[in-house]
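A.B. asks: any chance you could fold what I've pasted below:
(chains A and B)
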Amino acid sequence: MIPAAFDYHRPDTLDEALKLLKKHGDDAKVLSGGMSLLPMLKLRLASFAHLVDIGRIPGLDTLKEEKGTLRIGAMVRQVALERSDLIRTKYPILADAIPLIADPLVRNRGTIGGNVANGDPGNDQPAIMLALGATFVARGSKERSIPASQFYKGLYSTALAPGEILTEIRIPAPPPKSGGAYAKLKRKTGDFAVAAAAVQLTLGKNGAIERAGIGLTNAGLTPVEAVDAAKYLAGKMPDEKTIAEAAKMAAAKSSPSADRRGSVEYKKEMARVLTARALRKAVQRAGGN
Amino acid sequence: MAKHRISVTINGAAREAEVESRLLLVHLIREVFRMTGTHVGCDTSHCGACTVILDGNPVKSCTVLAVQADGAKITTVEGLEQGGKLHPVQEGFTEKHGLQCGFCTPGMLMTTSALLERNKNPSEQQIREAIAGNLCRCTGYVNIVKAVQYAAEKMR
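C.D. replies: Numbers count the residues shown, from 1 in each chain, chains lettered A, B, ... in the order given. Next up is the predicted model:
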């Protein structure tokens, strides 16, 4: 399969890339790792007259913690996150998820920027960003920050304006007594999730949950933030009864559609089970029971 | 639509080509360079038959544009043999019957040779995880794992 013809551009700077996007408007699409875009072009599910490859723009591959913030450049490939000691030791929610994304060969090309920016509710990292309370940095005529919770508007539709590029992801570094986990059910390597849950929480001095964030993958047209369940958890001791109730509340927020991965009922039930599992693991990692 | 002049180093040799934007890397290799060891299997980035090593990492060449590889170092299955001597993974696949129909083999060889570059002593689990993106329709995974273990031992 061969994509419909397009012009390929490889700008050396962000300003040059922005200029190209401005010039070509809706006819242009940003290319990062290409692991979603190229298959869509090949299957002719999408077509653009211009691809703007941001792969060689310097400065988009940052991966460091700085002043209490984890900064991840849009072009950081999944393999770099997978091999990062910082991610493995301090961000287990990401470390859980990355080996479950596509397959190793795809992860050698695919980027976190592409994963969060293309607006596919089946992608794993958007739900994680919701749980972590991440912020996305976008560059257009000026730079602005968009909270992950306000980023996803619909199926493949995000808060990114035409002519804007997502350049960086900023994640608040978890305070002490924090834990996170990602629990995913999938049929086989390379498939999207039947259901998956991302949880990040912090425990207070008395062992009660201080703050929790919960995101669900493939649970609707956009990644789902289980706000009610997270609010319910705040201030409570993380016992089995509380976890079960929160998981039920989170699953109630999911609105999956039936497909070959299962019925609506099954997917909602799996969202509940996986939320409970992720909560238990996150509590354990935070040093609770 | 403008064409692009690109240069790559493929199996140690510098090559140039003039390519359309939409030309896929696998087609550059097979149809422009006429190196047909790299296979096209599913053509949808699932099966891994088209795996080549791009700047050190195995990737699915059906899902990379040729122009994206401009300036890159590429290794294909033709580049594994050195001076008439098979690469240890090639030897392992021969010795341990790591192939049946052979269609997935070039991709398997590229992925596993890259694995052994990074990890001299992979566990069975690590080998299986490394080849998770390479499908063998003959389901000959048991012997593929043995072939990689054989190669690992050879290389140590």
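A.B. asks: who's in contact with the helix or strand in which residue B:53 is found?
C.D. replies: Per DSSP states H and E, residue B:53 falls inside strand B:51-54. In this structure, residues lying in contact with strand B:51-54 by C-beta atoms under 8 Å, 6 or more residues apart in numbering or on different chains are A:105, A:108, B:25-26, B:29, B:38, B:58-61, B:64, B:69, B:72-76, B:106-108, B:110-111, B:113-114, B:133-134. C-beta here means a position set from N, CA and C on the backbone, and glycine is covered the same way.
A.B. asks: residues contacting the residue nearest to residue A:104 when sequence neighbours are not counted?
C.D. replies: Leaving aside its sequence neighbours, residue A:104 sits nearest to residue B:133 (C-beta to C-beta, 6 or more residues apart in numbering or on different chains; 5.4 Å). With contact taken as C-beta under 8 Å, 6+ apart, residue B:133 is in contact with A:102-106, A:189-190, B:48, B:51, B:60, B:111.
A.B. asks: identify the single longest helix in chain A, thanks.
C.D. replies: Using DSSP state H to define each element, chain A has its longest helix at helix A:264-285.
A.B. asks: that one: which residues count as buried?
C.D. replies: Buried residues in helix A:264-285, counting neighbours by 16 or more other C-beta atoms under 10 Å in any protein chain shown, are found at A:267-268, A:270-272, A:274-283, A:285.
A.B. asks: just those residues that are near chain B?
C.D. replies: The subset of these within reach of chain B, by C-beta under 8 Å from any C-beta of the partner chain, is empty.
A.B. asks: what is the burial count for whatever residue of chain A ends up closest to chain B?
C.D. replies: Chain A approaches chain B most closely through residue A:103 (3.0 Å), counting by C-beta to the nearest C-beta. Look at residue A:103: counted by other C-beta atoms under 10 Å in any protein chain shown, it has 25 neighbours.
A.B. asks: how far away from the center of its chain is stretch A:137-146?
C.D. replies: Put simply, stretch A:137-146 sits 18 Å off its chain's centre (C-alpha atoms, centre = their mean, to the nearest Å).
A.B. asks: would you agree the residue of chain A closest to chain B is in contact with residue A:191?
C.D. replies: No: Residue A:103 is beyond contact range of residue A:191, at 10.1 Å (criterion: C-beta atoms under 8 Å).
A.B. asks: neighbours around the closest residue to residue A:264 other than its chain neighbours, how many?
C.D. replies: Of all residues not flanking residue A:264 in the chain, residue A:258 sits nearest, at 5.1 Å (C-beta to C-beta, 6+ apart). Using other C-beta under 10 Å, residue A:258 has 11 neighbouring residues.
A.B. asks: and residue A:258, what's its pLDDT?
C.D. replies: Listed pLDDT for residue A:258 reads 97.
A.B. asks: now it: how far from residue A:252?
C.D. replies: 18 Å (C-beta to C-beta, to the nearest Å).
A.B. asks: and if you look at residue B:153?
C.D. replies: Taken as C-beta to C-beta, the span from residue B:153 to residue A:252 is 54 Å.
A.B. asks: likewise for residue B:22?
C.D. replies: 45 Å.
A.B. asks: residue B:38 too?
C.D. replies: Distance, residue B:38 to residue A:252, using C-beta to C-beta: 49 Å.
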